[in-house]
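Chemist: sequence and predicted structure, then a few things I'm wondering about:
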Amino acid sequence: MKSWNEIPYDIQRVISNTAVAPGAYILKFKKNYPFIAGQVLALGVSKEIEPRYYSIASPENDELISILYTERVEGKLTPMLSLLKPGENIMVSKPFGTFTHVKPSPVFIAAGTGIAPFMSMLLTGKASGVTLIHGAPYPEYFYYSDTLISRLGENYIRCCSRCQPGCLFVGRVTDFVKQWNDLDVNRPYYLCGSAEMVVETRDILISRGVPVSNINSEIYF
Amino acid sequence: MVPLYGKTLDELKSIVTAEGLPSFTASQIADWLYHHHADSIDEMTNLSKKAREMLSAKYTVGLSKPERVSKSADGTKKYLFPVANNRFVEAAYIPDDDRATLCVSSQSGCKMGCLFCMTAKQGFQGNLSAGEILNQLRSIPEFKNVTNIVYMGMGEPLDNLENVLKSLEILTSKWGMGWSTKRITVSTIGLIPAMKQFLEKSNCHLAISLHTPFDDERRMLMPIQNVYPIADVVDELKKYRFSDHHRVSFEYIMFDGLNDTPRHVKELVKLLNGINCRINLIRFHPIPDSPLRTSPDERIIQFRDSLTAKGIFTTIRASRGQDIQAACGLLSTKALQEKR
């Protein structure tokens, strides 16, 4: 359990809070502290509700911080986050975390909102020669897809678990990685998502010969 | 029916107040639950018949027996418990001469994704309530033989801090089970905000999963290093005063060729300088498809001796229950979750 009593924070005003897909939002507020692409911060709406950590999705040089989040109906925080209007207050910690060291020619593998730190790295220009594999249940949950298609072209691979066969890979990211012909064991792999997705993907990469020292993971908890 | 087992005295007071019962009834119920070990509300004979009937309409003691027990050749037993929402957890009972340790789970599954841990492979299914944590103690046949409890089973205890603290309050309060805090150890991978709360609110021993002092290696083994680097965890610990009565220890699984070199000894000494602590070295118990291997015994002994020579009290933990998958890092109910 995290508590605001142990986390220093500022009060920020919401600049925008835009629905980008059913139940998914991008929250923007002014950047008060510099950060490194890949870092997280804690967000909250009151001291009584446990803060949650979110990866920053915006680039380092942006004046605003962007946070991509999904509303969890059973949750305490995200239903309140989704109601925030421009001008309302939000509690924000300093950015922290070290999921920030990107080696050349990385393979980014994300599920859902796990795309956020990779967007920040890409938009900041910290990663070159990137292949990005993103998993989502439906096409509308491939956040930032227009940007990613134009930036990465064929190196942007969407794995859609509940899509009909078409232009996207049908299945989860783990299904894709299992059968990926172009998998290069010498490239660095960066994973971001739930514990289940990260652990399963890591196991598949290891079974396919990727040295564990080439795998770096960020887990949402 | 709402279980009473695992309710703190304050929670019991709220219940009796809501039922219109005298406030002292809460202490009577706590006495029956945690001193007399009542299995049913009917056994609480100093409560009025009417009070027992009122409580029985909504509440139950709520104990659940283990569904299965596995017995190791070394005497260790692994118990499988059902918990809410068709989930399962395991607890390991480890007898050893004049002491018997119970290793309890705090979550079904785990979110932390450590590379060396079998529980990580089943993902996260949910937090245990305080009652579900304590039931692992109360409902085994060896209940009265247990001398020590370690929160080192499935899950990250400090990711379920509220229920872990409640269970510790029940274990250590006079109105509860009256255990000494010195007989209880809570393990964590180092969730700093929760660790700070724990240290403010509990005097039980704390064990930190360290496993390597080097950033890159720890990140590879434990994704949490990306959020809470071990150096920050240790810096936080240096703000507290530890002793034999309130101990901090560091768990260190020995991986062949990865974290068992003189370079690691040197860095560990540097990292832990200024903390009154001990290090427990643990043999790695292999899990399927793992690229990791345990260090040879002679290297583990050498590592212990090197740390001891540098002034850090270091022990080697005996491997127990490996033949029934009850040893450190092997607990998992993944197969059962998948069947359901």
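Modeler: That came through, no problem.

Chemist: ok and the residue in chain B nearest chain A?
Modeler: At 3.3 Å from chain A, B:Gly123 is the closest residue in chain B, using C-beta to the nearest C-beta. No exception for glycine: its C-beta is placed from N, CA and C like everyone else's.

Chemist: check the offset of stretch A:205-218 from the chain's centre.
Modeler: Between the mean C-alpha location of stretch A:205-218 and the chain-wide mean there is a distance of 19 Å, by C-alpha atoms, centre = their mean, to the nearest Å.

Chemist: quote the end-to-end distance of that stretch.
Modeler: With C-alpha to C-alpha, to the nearest Å as the measure, the ends of stretch A:205-218 fall 15 Å from one another.

Chemist: just the CA trace of the biggest strand by length in chain B, in CSV.
Modeler: Using DSSP state E, we find that the single longest strand of chain B is strand B:87-96. Output in CSV follows, covering the C-alpha atoms of strand B:87-96 (Å, rounded to 0.1, in the frame of the first residue of the first chain):
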residue,chain,number,x,y,z
ARG,B,87,-8.0,-19.0,-5.5
PHE,B,88,-5.4,-21.0,-3.6
VAL,B,89,-2.3,-20.3,-1.6
GLU,B,90,0.4,-22.4,0.0
ALA,B,91,2.1,-22.3,3.4
ALA,B,92,5.2,-24.2,4.5
TYR,B,93,5.6,-25.7,8.0
ILE,B,94,9.3,-26.2,8.7
PRO,B,95,10.2,-28.0,12.0
ASP,B,96,13.8,-27.8,13.1
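
Chemist: next up, the contacts around residue 209.
Modeler: No chain specified, so I'll use chain A. Contacts for A:Gly209 were tallied using C-beta atoms under 8 Å, 6 or more residues apart in numbering or on different chains; they are A:Val185.

Chemist: wait, chain B was what I had in mind.
Modeler: Each residue near B:Ser209 by C-beta under 8 Å, 6+ apart is listed here: B:114, B:187-190, B:222, B:250-251.

Chemist: pLDDT weak spots in chain B?
Modeler: Applying pLDDT under 70 to chain B picks out residues B:337-340.

Chemist: all helices of it, in order?
Modeler: With DSSP state H applied, chain B shows helices at B:9-18, B:24-30, B:49-58, B:130-138, B:161-172, B:192-201, B:215-221, B:230-237, B:262-272, B:297-309, B:334-339, listed in chain order.

Chemist: can you check chain A too?
Modeler: Under the criterion DSSP H, chain A contains helices at A:78-81, A:116-124, A:145-152, A:173-179, A:195-207.

Chemist: what does chain A put close to chain B?
Modeler: Applying C-beta under 8 Å from any C-beta of the partner chain, we find that chain A lies next to chain B at A:1-3, A:5-7, A:40, A:53, A:96-99, A:194-196, A:198-199, A:202-203, A:206-207, A:211-213, A:215-221.

Chemist: can you flag the buried ones in those residues?
Modeler: A residue is treated as buried here by neighbour count (16 or more other C-beta atoms under 10 Å in any protein chain shown); on that basis the buried members of those are A:1-3, A:6-7, A:40, A:53, A:96-99, A:194-196, A:198-199, A:202-203, A:206, A:212, A:215-221.

Chemist: ok, A:Cys159 touching A:Pro137?
Modeler: No - taking contacts as C-beta atoms under 8 Å, A:Cys159 lies outside contact range of A:Pro137: 10.1 Å.

Chemist: pick out whichever of the two has more residues nearby.
Modeler: A side-by-side neighbour count of A:Cys159 and A:Pro137, using other C-beta atoms under 10 Å in any protein chain shown, places A:Cys159 first with 22 against 13.

Chemist: please name the bridge partners of that one.
Modeler: Taking DSSP bridges as the rule, A:Cys159 bridges to A:Gly135, A:Phe169.

Chemist: ok, it to chain B distance?
Modeler: The spacing between A:Cys159 and chain B, counted by C-beta to the nearest C-beta, to the nearest Å, is 18 Å.

Chemist: so what are the structural domains in chain A, by residue number?
Modeler: The record assigns chain A these domain ranges, following automatic domain parsing: A:4-93, A:107-219.

Chemist: and the ones you listed, which is most packed in?
Modeler: Neighbour counts averaged per stretch over the domains of chain A are highest for domain A:107-219, at a mean of 19; criterion: mean count of other C-beta atoms under 10 Å in any protein chain shown.

Chemist: endpoint to endpoint, it covers what distance?
Modeler: Distances were taken as C-alpha to C-alpha; on that basis the terminal residues of domain A:107-219 are 16 Å apart.

Chemist: could you pull up the mean pLDDT of it?
Modeler: Per-residue pLDDT values over domain A:107-219 give a mean of 96.

Chemist: quick check, A:Gly112 in contact with A:Tyr69.
Modeler: No - A:Gly112 is beyond contact range of A:Tyr69, at 10.1 Å (criterion: C-beta under 8 Å).

Chemist: and the residue of chain A that's closest to chain B?
Modeler: Closest approach between chain A and chain B, counting by C-beta to the nearest C-beta: A:Glu196, at 3.3 Å.

Chemist: now the phi/psi pair for B:Gly20, please.
Modeler: The phi and psi values for B:Gly20, taken as degrees, to the nearest 10, are phi 70, psi 20.
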